[in-house]
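**Student:** sequence first, then the predicted structure:
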Amino acid sequence: MKTTIEIPDKTLRRAESLAADQGITLTELVTEAVEDKLRHSAKTAEAGESSWLKLYGAFAKSAEMRAETRQIQKLIDAEFERIDERN
């Protein structure tokens with residue numbers, strides 16, 4: 001799939017140089033970088049609660065509210081897994 005993104009000139013030059021040094025295309029480098037970031041985010045999410053949940057949880061006034069918020073996050077995670085399976 002093709003897309004257009006804006007990258008600061010300095011970052012683009014560094015990415016092009018790194019891709020050339022590694023003997024890969026810029027597309028391959030960007031794809032690897034995004035996949036690495038997604039894997040890291042998934043590991044972080046598995047290790048604990050998502051950032052929005054931590055923030056909201058800090059303001060939850062009761063254990064019931066915190067439990068409900070965790071349940072909502074589980075539902076959201078399950079839906080994203082279903083989406084990922086279709087792709």
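**Tutor:** Nice, thanks for sending it over. Numbers count the residues shown, from 1 in each chain.
**Student:** C-alpha only now, for contacts and for neighbours.
**Tutor:** Noted.
**Student:** tell me the domain ranges of this protein?
**Tutor:** 7-48, 49-87 (automatic domain parsing).
**Student:** which of those has the lowest average pLDDT?
**Tutor:** Of all the domains of the chain, the minimum mean pLDDT falls on domain 49-87 (a mean of 74).
**Student:** rewinding a little: distance to residue 1 for the domains of the chain - can I get that in a markdown table?
**Tutor:** Shown next, in a markdown table, are the domains of the chain (distance: least, Cα to Cα, whole Å):
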| stretch | distance to residue 1 |
| --- | --- |
| domain 7-48 | 11 |
| domain 49-87 | 13 |
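**Student:** need the ones you listed in a markdown table with mean neighbour count, can you?
**Tutor:** Below are the domains of the chain laid out as a markdown table (neighbours: other Cα atoms under 10 Å):
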| stretch | mean neighbour count |
| --- | --- |
| domain 7-48 | 12 |
| domain 49-87 | 12 |
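**Student:** where exactly do the helices run in the protein?
**Tutor:** 9-22, 26-47, 51-59, 63-86 (DSSP state H).
**Student:** now do the second one against helix 9-22, angle only.
**Tutor:** Meaning helix 26-47. 100 degrees (axes from the mean of the first three to the mean of the last three Cα atoms, to 10 degrees).
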